[in-house]
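S.K.: sequence plus the predicted model coming up.
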Amino acid sequence: SPLIKNNIGYNRTPSADDRVHVLVCVVSANAPEINPSVLKKMKSIRETATNLRIPQIAIMTHIDDACGEIQKDLKHVYKSKYLRKKMKDFSAVMGIPLNCIFPVKNYSEEIDLKDDVDFLILSALKKMVDFGDNFIENIC
């Protein structure tokens, strides 16, 4: 729910540490259509973040479960037409630019770490940190 100025604990002058630095939306590439009421709430939150100039990204998870081509070889993540369509559709619905949607594979069956999986996750995390750093630099 939105913060209200009269609430107990409301901080009228938040420091940089007290502010949201990045809004991250996490969505499964393997999920069926998102419920319209959930989409409406997500859009509302995103619009509020936009008004506050908070950067926004999306993490698309379970990409291997959504696409057999990626399941066979994770290196095909940016070649998959299916995944690209999922990302474009989500971008169109939510208004998050395609270059701010990061596909990742979940560790679900693996016992050991895998470089391909780690690369996608760490790339998304690095972008998240970069967006947050840029936000802090711009408000200070």
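M.R.: Happy to help now that I have it. Residues are numbered from 1 along each chain as shown.
S.K.: secondary structure element for the residue most central in space within the chain?
M.R.: For the chain, the residue nearest the mean C-alpha position is residue 58 (1.9 Å; CA atoms, centre = their mean). Assigned by DSSP states H and E, residue 58 falls within strand 56-61.
S.K.: can you check residue 82 too?
M.R.: Applying DSSP H and E, one finds residue 82 within helix 81-94.
S.K.: same for that helix, what does it pack against?
M.R.: For helix 81-94, the packing partners by 3 or more CB pairs under 8 Å, 6 or more residues apart in numbering; DSSP states H and E come out as helix 36-51, strand 56-61, helix 63-66, strand 101-103. (C-beta placed from N, C-alpha, C; glycine too.)
S.K.: which SSE is immediately downstream of the third one?
M.R.: To tie it back to what came earlier, the one meant is helix 63-66. Next element after helix 63-66 (DSSP H and E): helix 68-72.
S.K.: again with the shortest one
M.R.: Note on strand 101-103: by DSSP H and E, the next helix or strand toward the C-terminus is helix 115-139.
S.K.: same question for that next one, mean pLDDT?
M.R.: Average pLDDT, helix 115-139: 92.
S.K.: pull out the buried residues from that helix.
M.R.: 117, 120, 121, 124, 127, 128, 131, 132, 135 (16 or more other CB atoms under 10 Å).
S.K.: so the last one makes contact with residue 57?
M.R.: No - taking contact to mean CB atoms under 8 Å, the distance of 11.5 Å between residue 135 and residue 57 leaves them out of contact.
S.K.: need the overlap of contacts for those two.
M.R.: residue 22 (CB atoms under 8 Å, 6 or more residues apart in numbering).
S.K.: and the helix or strand of the chain with the lowest mean pLDDT, how far out from the chain's middle?
M.R.: Least confident element among the helices and strands of the chain, by mean pLDDT, DSSP states H and E: helix 68-72 (a mean of 87). Counting by CA atoms, centre = their mean, to the nearest Å, helix 68-72 is centred 22 Å from the centre of its parent chain.
S.K.: what helices and strands are in contact with that helix?
M.R.: Using 3+ CB pairs under 8 Å, 6+ apart, helix 68-72 is in contact with helix 63-66.
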